[in-house]
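Colleague: Please find the sequence and the predicted model below.
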Amino acid sequence: MERKMEPATPEKIIKAFKILDPENKGYLTKEHFGKLMMEEGEPFTQEEMDEMWPVAIDPITGHIPYEFYLNQLMVYL
């Protein structure tokens, strides 16, 4: 019997981002987030990261404002 994982709730995703943001800035840097996504857990490929950046990164600051990013993800679901 195959077990299927339930998708994480938006609340759990925000909680995870906040753990990665101990200074509570409300964003992660592209460098920090990219390193985590490509080196931890089930790593993303560079191609996957390249697809994600246009949605995740604020073009003005170059950072990933995670609450905005999560809202963008919810639009696609």
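Modeller: Good, I have the coordinates.
Colleague: From now on I want contacts and neighbour counts done on CA atoms only, so please keep to that.
Modeller: OK.
Colleague: Quick test: name the residue nearest the centre of the protein.
Modeller: Nearest to the mean C-alpha position of the chain, by CA atoms, centre = their mean, lies residue 66 at 6.6 Å.
Colleague: ok, that residue to residue 5 distance?
Modeller: To residue 5, residue 66 is 23 Å away according to CA to CA, to the nearest Å.
Colleague: How about residue 60?
Modeller: Separation of residue 60 from residue 5 (CA to CA): 36 Å.
Colleague: Check residue 34 too.
Modeller: For residue 34, the distance to residue 5 - CA to CA - is 24 Å.
Colleague: The two: which has the busier surroundings?
Modeller: Just comparing residue 34 and residue 5: by other CA atoms under 10 Å the higher neighbour count belongs to residue 34, 16 against 6.
Colleague: shaky segments in this protein?
Modeller: Scanning the chain for pLDDT under 70 picks out the ranges 1-3, 76-77.
Colleague: Show me the strands in it, by range?
Modeller: 27-29, 63-65 (DSSP state E).
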